[in-house]
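Student: Below are the sequence and a predicted model for it; my questions follow.
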Amino acid sequence: METNRRTAARAVAAVLTADGLLHVLWATGSHWPADDTKALSYAVLGADVPFTPPVLLPLAAMLFTAAGLVTARARRRGRLLQAATVAVACGTALRGLVGLGWAFGLRAGLDEGAGDTFYWLNLALYTPLCLALAAAALRVARGSGGSGRIRERS
């Protein structure tokens, strides 16, 4: 069971770290893998929003912090680490649920001119990944952390 929690923590941390690295890359002015910043914004968010360092770097820091907290929770006990990991699970679950709404035709927050790229990426990648991350983070949060077991109180 401990191995499953650590594997789940590694998976969550890897995805969050990769996403953080993408945000750092975009903060440098790169618009990879899109042709331009507007196309990137439409593909990633379904709306035209600024991809500037003041927006991207705090998001990257948040993603790196979340990755570190989930990893720490897999190794240690503590209510603060557990609460932080539950917060990561809730955030990714919320994004997954909103993604389900978008997949079923809810257009809230999306630009009409965004095209189909976001719809298909949301359906095939973003939403399933967020829901899987939420489940994995909950698995990590439920664990006792560390090598010891938490005794139940009578």
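Tutor: Great, that's in hand.

Student: any idea where the strands of the chain begin and end?
Tutor: In order along the chain, the chain carries no strands (DSSP state E).

Student: pLDDT below threshold where in it?
Tutor: By pLDDT under 70, the low-scoring segments of the chain are 1, 144-154.

Student: just the helices in it please.
Tutor: Ranges of helices within the chain are 2-27, 37-45, 53-75, 79-103, 117-121, 127-142, based on DSSP state H.

Student: Out of the ones you listed, flag the one nearest Asp111.
Tutor: The stretch from the helices of the chain with the least distance to Asp111 (C-beta to C-beta) is helix 37-45; that distance is 6.9 Å. For the C-beta atoms, the positions are set from N, CA and C on the backbone; glycine is no exception.

Student: Residues contacting that closest one, please?
Tutor: Outside of helix 37-45, the residues within contact range by C-beta atoms under 8 Å, 6 or more residues apart in numbering are 26, 31-34, 47-51, 111, 113-115, 117-118, 121.

Student: Just want the angle from it to helix 2-27.
Tutor: Taking axes from the mean of the first three to the mean of the last three C-alpha atoms, to 10 degrees, one finds that helix 37-45 is oriented at 160 degrees with respect to helix 2-27.

Student: ok, Arg6 - how many residues close by?
Tutor: Residues within reach of Arg6, counting by other C-beta atoms under 10 Å, total 15.

Student: Verify the stated contact: it with Ala74.
Tutor: Yes. The pair Arg6 and Ala74 passes the contact test of C-beta atoms under 8 Å, sitting 5.0 Å apart.

Student: Next up, the contacts around the residue lying closest to Asn4 once chain neighbours are set aside.
Tutor: Across the structure, with C-beta to C-beta, 6 or more residues apart in numbering as the measure, the residue nearest Asn4 apart from its sequence neighbours is Arg139 (6.8 Å). Under the criterion of C-beta under 8 Å, 6+ apart, the contact list for Arg139 reads Asn4, Arg5, Ala8.

Student: Mind checking which of those are buried?
Tutor: Burial of these was assessed by neighbour count (16 or more other C-beta atoms under 10 Å); the buried members are Arg5, Ala8.
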